[in-house]
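>>> I would like to see how this sequence folds:
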Amino acid sequence: MVGDRLRKRRLEMGMSLRELGALVDLAPSFLSDVERGVRKPSLESLERISRALDIPLGDLFDSEGEKSVDLHRLLSDSSVTLNYRGEPLTDGERRKLLDVVDAAMNLRSASDSWDNQEITRFAAHMEGEYGRPPSVALRGLINEIVRQVREEYRRQDG
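Predicted coordinates:
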């Protein structure tokens, strides 16, 4: 699927595998394998390829209008720069987000039971590990994640 999209876009741009390889510093044979689904590129390689082909990285994973990215892999891969409101996330912030996402996913069976007070307590726990009181930003982020988890499970149940 990703390979098909890369190949389609490369051909739309009239670019050969050799030309694309030169732009992204990858062997044309590797790119051919990726397009045919024989090999899986790293996230870093995909970023370089998507930039060269002028296609948003998320669009490579778009499935009939629905985007799919492995969030755990994305947050864990320090070779990928993640930004929040234009600022790059530090490794510590990435670990915190991963903890928050893991906790939110553990709410699957009890997603409706979290209220603002529990979210604030969870935020205090998360930042308490680092010796600071919970920030408004982290509480807001956790609240948004919990809201999205609730919404997703309501959609699945409905």
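>>> Show me what the longest helix along the chain is packed up against.
If you go by DSSP state H, the chain has its longest helix at helix 136-157. The contact analysis (3 or more CB pairs under 8 Å, 6 or more residues apart in numbering; DSSP states H and E) places helix 136-157 against helix 91-105, helix 116-128. Backbone N, C-alpha and C define where each C-beta goes, glycine included.
>>> ok, of those, where does mean pLDDT dip lowest?
Taking the mean pLDDT of each of the helices and strands packed on helix 136-157, the lowest value is held by helix 116-128, a mean of 60.
>>> What distance do you get for Arg73 to Gly86?
Distance of Arg73 to Gly86, computed by CB to CB, to the nearest Å: 23 Å.
>>> By mean pLDDT, flag the weakest helix or strand of this structure.
Ranking every helix and strand in the chain by mean pLDDT, DSSP states H and E puts helix 116-128 at the bottom, with a mean of 60.
>>> Neighbour count for Arg73 and Gly86, which is higher?
The neighbour comparison of Arg73 against Gly86 (other CB atoms under 10 Å) goes to Arg73, with 10 against 5.
>>> And for Thr27, nearest residue in space, chain neighbours not counted?
I think there's a mix-up here, since residue 27 is Ala and not Thr. Distances taken as CB to CB, 6 or more residues apart in numbering place Gly21 nearest to Ala27, at 5.9 Å, with adjacent residues excluded.
>>> Tell me the buried residues in the particular helix or strand that has the one you found in it?
For Gly21, the host element (DSSP states H and E) is helix 17-24. Of the residues in helix 17-24, Leu17, Leu20, Gly21, Val24 count as buried by neighbour count, 16 or more other CB atoms under 10 Å.
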